[in-house]
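[1] Give me a 3D structure for the following:
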Amino acid sequence: MGSQVFYQANRGAPLFREMQALVNKTIGVFSILRSAMQSLSKQIVVAFVYGSVAREEETSQSDVDLMVIGRATLDEVLSRLSTVEKSIGRPINPTVYSVAEFKSKLASGNHFLTAVLKGQKVFLLGDEDELRKMGGVRLAKAGANQLQ
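    The predicted structure is shown next:
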């Protein structure tokens with residue numbers, strides 16, 4: 001009694017990345033975040049994870065980068081994320097834009113948004129089509145074909 005056995009995945013195993021992606025998409029970070037954002041779904045047009053977690057290149061030190069576009073405020077988003085941060089043991093870094101602010105920044109060629117849109121994304125709410133509609137032609141130039 002009282003003895004514990006701990007297991008750890010072998011990151012060097014040939015199937016590690018595929019298994020990691022499967023777990024993340026079903027019971028991992030993405031599922032937990034999707035559930036947390038669901039209560040704001042009427043106020044959010046699109047929410048997605050980007051950065052190292054979306055690229056499946058995260059380390060144990062990585063934060064989770066989250067983009068939220070819609071009518072939800074930063075305070076509303078943050079209030080949903082505090083328990084998620086505790087449960088996943090990682091900080092979550094949300095960036096929240098209104099639709100008008102997103103369109104304006106994208107139209108002006110905002111470097112940050114352009115870089116995010118060119119990168120890998122995992123959608124929690126909304127999808128590629130809704131993101132394209134908001135971004136229009138500018139989004140297509142930024143690499144919308146890479147959205148997931």
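[2] Which pLDDT value goes with residue 105?
    What the model reports as pLDDT for residue 105 is 94.
[3] what do you get for the one 10 residues further on?
    For residue 115, the model assigns a pLDDT of 92.
[4] what about it, which helix or strand?
    Per DSSP states H and E, residue 115 falls inside helix 111-118.
[5] tell me the secondary structure for the nearest residue in space to residue 49 that is not next to it in sequence?
    Sequence neighbours aside, residue 122 is the residue nearest to residue 49 in space, at 4.6 Å (criterion: CB to CB, 6 or more residues apart in numbering). For the C-beta atoms, the positions are set from N, CA and C on the backbone; glycine is no exception. Three-state call for residue 122 (DSSP: H, G, I helix; E, B strand; the rest coil): strand.
[6] The helix holding residue 115: how far from the chain's middle?
    From the chain centre to the centre of helix 111-118 is a distance of 14 Å (CA atoms, centre = their mean, to the nearest Å).
[7] Pull out the buried positions in it.
    113, 114, 116, 117 (16 or more other CB atoms under 10 Å).
[8] and which of those is nearest residue 28?
    Closest approach to residue 28 among the buried residues of helix 111-118 (CB to CB): residue 116, at 21.0 Å.
[9] That closest one is in contact with residue 67, isn't it?
    Yes: using CB atoms under 8 Å, residue 116 makes contact with residue 67 at a distance of 6.4 Å.
[10] Now list whatever residues contact both of these two.
    Listed as contacting both residue 116 and residue 67 by CB atoms under 8 Å, 6 or more residues apart in numbering are residue 50.
[11] Using PDB, write out the CA atom coordinates for stretch 62-80.
    Extracted in PDB, the C-alpha atoms of stretch 62-80 (Å, rounded to 0.1, in the frame of the first residue of the first chain):
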ATOM      1  CA  SER A  62       4.800  26.600 -23.100                       C
ATOM      2  CA  ASP A  63       1.800  28.800 -22.500                       C
ATOM      3  CA  VAL A  64      -1.300  28.400 -24.600                       C
ATOM      4  CA  ASP A  65      -1.900  31.200 -27.000                       C
ATOM      5  CA  LEU A  66      -5.700  31.800 -27.600                       C
ATOM      6  CA  MET A  67      -7.300  34.200 -30.100                       C
ATOM      7  CA  VAL A  68     -10.900  35.300 -29.500                       C
ATOM      8  CA  ILE A  69     -12.800  37.400 -31.900                       C
ATOM      9  CA  GLY A  70     -16.300  38.700 -31.200                       C
ATOM     10  CA  ARG A  71     -18.300  40.600 -28.600                       C
ATOM     11  CA  ALA A  72     -16.800  38.900 -25.500                       C
ATOM     12  CA  THR A  73     -14.600  41.100 -23.400                       C
ATOM     13  CA  LEU A  74     -11.200  40.300 -22.100                       C
ATOM     14  CA  ASP A  75     -12.600  40.100 -18.500                       C
ATOM     15  CA  GLU A  76     -15.300  37.600 -19.600                       C
ATOM     16  CA  VAL A  77     -12.700  35.400 -21.400                       C
ATOM     17  CA  LEU A  78     -10.200  35.600 -18.500                       C
ATOM     18  CA  SER A  79     -13.000  34.600 -16.000                       C
ATOM     19  CA  ARG A  80     -13.500  31.300 -18.000                       C
END
